[in-house]
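Participant: Take a look and give me a structure for this.
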Amino acid sequence: STTRAVRRPTRTVWVGKVPVGSEHPIARQTMTTTDTKDVDASVEQIMRCADAGADIVRLTVQGNKEADACMAIREKLFKLGYDTPLVADIHFNPRTALKVAEAFEKIRVNPGNFADGTKKFTEIDYENEAAYQAELEKIEELFTPLVEKCKALGRAIRIGTNHGSLSARTLSYYGDTPRGMVESAFEFANVCRKNDFHNFLFSMKASNPLVMVQAYRLLAHEQYKLGWDYPLHLGVTEAGEGEDGRMKSAIGIGALLMDGLGDTVRVSLTEDPEYELGPCSTLASLGMNAYDSGLGVPDFAETHRDFTSFERRKGSLPESKDGESFDYSKALHRDGTVFSVVKGEELSRGELLFKDLGCKLAVGMPFKDIATSDSVVLRGVPPASDEAGRLALKRLQDAEVCVMAPLADLQAHPVQGAVAIVPLAQARAGAALPEGCERLAVALDGSETAEDLAGLEALQPVCAILQTGPLSRVHASRRVFEGLAAAGCSVPVIHHLVFAPGTGEEELVIGGGTEGGALLVDGLGDGVMLECEGADLEFLRRTSFAMLQGSRMRNTKTEYVSCPSCGRTLFDLQEVTAQITAKTGHLPGVSIAVMGCIVNGPGEMADADFGYVGTVPGKIDLYVGKEVVRRGIDMATAPDQLIELIKEYGRWVEPPQDAADEELVAEAA
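Facilitator: Okay, the predicted model is just below:
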């Protein structure tokens with residue numbers, strides 16, 4: 001549903017003892033990073049994952065040696081009292097899938113490479129339908145034995161399409177698109193159905209949350225048309241690590257959960273697998289709580305948002321005017337805006353405050369940098385007698401950081417050049433601006449009708465700030481944007497997300513990504529403002545920029561496509577990713593893929609400008625796009641050669657040097 005969180009009805013797929021489907025809690029998954037042939041290490045890691053809350057655990061199974069180990073792993077876990085269902089991750093090798101089906105409860109197949117053998121990543125044009133059909137017959141011939149075996153043994157199958165590894169056949173017909181992802185999965189689903197096997201589910205993974213969300217929605221849409229009810233496994237592949245990995249996962253997975261889509265979840269992080277279960281559980285709980293509470297708004301006709309094609313709503317940014325005391329065109333950013341909430345008493349922190357807002361410093365004076373908050377919203381305006389507070393405001397304005405505050409606060413303590421935040425009804429009633437205020441921003445609460453919103457454009461606000469309060473953030477906001485579109489209103493909208501005091505950082509990232517990202521990923525909104533009593537101001541700012549970047553809006557740092565590691569990985573992925581991030585993290589607009597093996601190599605890093613891919617132990621291939629340009633590089637020198645490659649293609653800049661940062665640290669100590 002687009003107006004409420006109503007779970008899509010599905011059949012139940014049994015993965016061992018775990019039921020997956022709309023009549024059951026959302027199942028949580030992760031994947032081991034051990035060498036599958038190392039039975040003891042794999043068993044120990046699976047137990048840690050199960051103890052951390054994993055309902056299902058996946059292992060990579062490359063060949064017969066790994067398949068033999070899987071039988072030993074399954075038996076040892078049973079002896080130790082662990083009956084957590086296990087999934088075999090299969091690429092390229094149908095025979096191995098048949099063998100491991102005897103040990104594990106579920107098989108994951110990738111439609112892009114199950115029937116292809118060793119991946120060549122070559123482009124093929126199919127000149128006639130006969131050639132295309134011949135490949136479909138080959139798929140059926142190779143896949144049918146696995147379907148029959150899983151049916152006989154009571155196993156489950158996940159048909160897991162990945163955006164970056166579509167087959168040449170699919171690419172030639174549909175291109176590198178969500179439609180191609182869905183059609184690729186349906187080819188395998190049709191074989192299952194032909195054999196009266198229905199214990200299967202789908203996934204549509206991509207490293208780009210926008211592509212991932214579009215693909216899953218299209219998959220659900222096509223299933224509705226066909227009368228199918230197979231469950232969905234949700235995940236953003238190669239999301240990365242830390243806050244950024246959690247944010248991208250929350251944007252993609254959270255957006256779909258709010259639409260009622262998703263029956264099992266895996267958060268793919270470049271971290272030890274047990275650490276995936278925290279954000280995974282948080283997302284699952286957010287989804288289940290939304291369904292159980294009937295989260296949503298009364299039905300309304302949505303005519304301006306099309307899930308089959310992406311088009312970002314572009315708000316009209318404010319323009320500067322002669323004679324005004326502040327250039328209000330600087331209050332918002334064309335690619336996405338970040339507002340930061342600042343308490344009046346925090347202004348006395350001076351340089352430390354400026355640093356938390358992302359300003360550069362020169363001789364104590366703040367200047368806007370690439371990730372500086374565009375505007376600050378004051379909670380408590382300092383009186384004219386507070387010289388330190390007033391000086392801090394003046395310096396922020398001189399640095400082109402816009403200052404905003406509620407109308408009543410500015411009436412009590414006017415600030416020259418500040419923007420007054422006025423509720424829509426009060427603004428429409430002609431509220432007078434206080435002394436020194438030349439512009440206003442309008443506060444919306446999500447309950448506005450189309451008639452209410454019709455007069456917004458005429459008020460010429462700098463922006464609208466949308467804070468939905470007790471209403472469902474996603475669904476009430478969609479209703480607001482529908483009203484704005486109907487009124488032909490192009491006022492930019494900033495999403496104001498308020499969290500309960502004391503909300504933890506991971507919960508804030510996951511909640512923010514789910515509620516704010518679910519709208520930004522649909523092109524609805526021009527920026528974000530996060531507010532949480534007691535939270536670190538710098539953390540809230542960084543999280544806001546991460547949400548914009550994860551929603552493919554404003555890039556303020558290097559984008560990493562980093563696989564989560566598995567038994568195929570040919571180097572210490574966490575260590576290497578940290579090394580590369582430390583050397584290249586200052587390159588906004590540049591995307592770098594760090595992949596542990598060829599399975600997660602060129603096909604899985606479609607969005608990346610440069611790639612660092614393991615080929616054999618100790619050796620790395622470097623890519624530009626999907627083309628390998630340097631082969632067999634010694635791993636010890638590969639990070640430096642990656643930097644040379646970035647320089648060669650004109651994308652390198654030297655890291656910024658800011659001596660003022662060191663002075664600040666010394667003063668704070």
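Participant: Please make it C-alpha for all contacts and neighbour counts, starting now.
Facilitator: Fine.
Participant: Looking at the protein, which helix is longest?
Facilitator: The helix spanning the most residues in the chain, taking DSSP state H as the definition, is helix 129-153.
Participant: separation between the residue nearest to Tyr82 when sequence neighbours are not counted and Arg155?
Facilitator: Leaving aside its chain neighbours, Tyr82 sits nearest to Met47 (7.2 Å; criterion: CA to CA, 6 or more residues apart in numbering). Separation of Met47 from Arg155 (CA to CA, to the nearest Å): 21 Å.
Participant: quick one: which of the two has more around it?
Facilitator: Ranked by neighbour count (other CA atoms under 10 Å), Met47 and Arg155 place Arg155 first, with 25 against 20.
Participant: wait, doesn't that one sit right on Val18?
Facilitator: No: contact criterion CA atoms under 8 Å: Arg155 and Val18 do not qualify, at 11.6 Å.
Participant: how far does stretch 364-371 sit from the chain's center?
Facilitator: 28 Å (CA atoms, centre = their mean, to the nearest Å).
Participant: again with stretch 273-290
Facilitator: 14 Å.
Participant: now swap in stretch 508-519 and tell me
Facilitator: From the chain centre to the centre of stretch 508-519 is a distance of 9 Å (CA atoms, centre = their mean).
Participant: Between helix 129-153 and the helix or strand just after the longest helix of the chain, find me the angle.
Facilitator: Per DSSP states H and E, the first helix or strand lying C-terminal to helix 129-153 is strand 156-162. Orientation of strand 156-162 against helix 129-153 (axes from the mean of the first three to the mean of the last three CA atoms, to 10 degrees) gives an angle of 150 degrees.
Participant: now for the helix or strand following strand 156-162, which elements pack on it?
Facilitator: Going down the chain from strand 156-162, the next helix or strand is helix 168-174, by DSSP H and E. Judged by 3 or more CA pairs under 8 Å, 6 or more residues apart in numbering; DSSP states H and E, helix 168-174 is in contact with helix 178-194.
Participant: For the helix it packs on, enumerate the helices and strands it packs against.
Facilitator: The contact analysis (3+ CA pairs under 8 Å, 6+ apart) places helix 178-194 against helix 129-153, strand 156-162, helix 168-174, strand 200-205, helix 209-226.
Participant: right, and those - which one's nearest Ala412?
Facilitator: Each of the helices and strands packed on helix 178-194 has some distance to Ala412 by CA to CA; the shortest is helix 209-226, at 44.6 Å.
Participant: helix or strand right after the closest one?
Facilitator: Trace forward from helix 209-226 with DSSP H and E and the next one is strand 233-234.
Participant: That next one pairs with which strands, and in what direction?
Facilitator: Taking DSSP bridges as the criterion, strand 233-234 forms sheet pairs with strand 264-266 (parallel).
Participant: Can you list the low-confidence ranges for the stretch 51-200 of the chain?
Facilitator: Confidence mapping of the stretch 51-200 of the chain against pLDDT under 70 gives the ranges 116-127.
Participant: Give the full set of residues in contact with Thr2.
Facilitator: Counting by CA atoms under 8 Å, 6 or more residues apart in numbering, Thr2 touches Asp259, His475.
Participant: which residues sit in contact with Phe354?
Facilitator: Contacts of Phe354 were listed using CA under 8 Å, 6+ apart, and they are Lys360, Leu361, Pro366, Leu396.
Participant: what's around the second one, how many residues?
Facilitator: The criterion is other CA under 10 Å. On that basis, Leu361 has 19 neighbouring residues.
Participant: Now do the phi/psi pair for it.
Facilitator: Dihedral pair for Leu361: phi -130, psi 140, per degrees, to the nearest 10.
Participant: Test of understanding: give the bridge partners of it.
Facilitator: According to DSSP bridges, beta-bridge pairing links Leu361 with Pro366.
Participant: Test my guess that it contacts Phe367.
Facilitator: Yes: in this structure, Leu361 is within contact of Phe367 by CA under 8 Å, at 6.1 Å.
Participant: Could you give the bridge partners of the nearest residue to Phe104 once chain neighbours are set aside?
Facilitator: Excluding the flanking residues, the one nearest Phe104 by CA to CA, 6+ apart is Leu86, at 5.3 Å. Beta-bridge partners recorded for Leu86 (DSSP bridges): Val57.
Participant: Leu86 and Arg48, how far apart?
Facilitator: Taking CA to CA, one finds Leu86 at 14 Å from Arg48.
Participant: Look at those two and report which has more neighbours.
Facilitator: Applying other CA under 10 Å to Leu86 and Arg48 shows that Leu86 carries more neighbours, namely 24 against 15.
Participant: My guess is that one contacts Ala101. True?
Facilitator: No: using CA under 8 Å, Leu86 makes no contact with Ala101, being 10.3 Å away.
Participant: which SS state does the residue sitting nearest the centre point of the chain fall under?
Facilitator: Centroid-nearest residue in the chain, with CA atoms, centre = their mean: Lys248, separated by 1.8 Å. Under DSSP: H, G, I helix; E, B strand; the rest coil, Lys248 falls in the helix class.
Participant: OK, contacts around it?
Facilitator: Pro209, Val236, Ala239, Gly513, Met547, Gly550, Ser551.
Participant: can you pull the pLDDT of it?
Facilitator: Turning to Lys248, the model gives it a pLDDT of 94.
Participant: Flag the shaky bits of the protein, pLDDT-wise.
Facilitator: Judged by pLDDT under 70, the chain has its weakly predicted residues at 116-127, 239, 564-571, 597-606, 657-669.
Participant: rerun that using 50 as the cut-off
Facilitator: 600-601, 659-666, 668-669 (pLDDT under 50).
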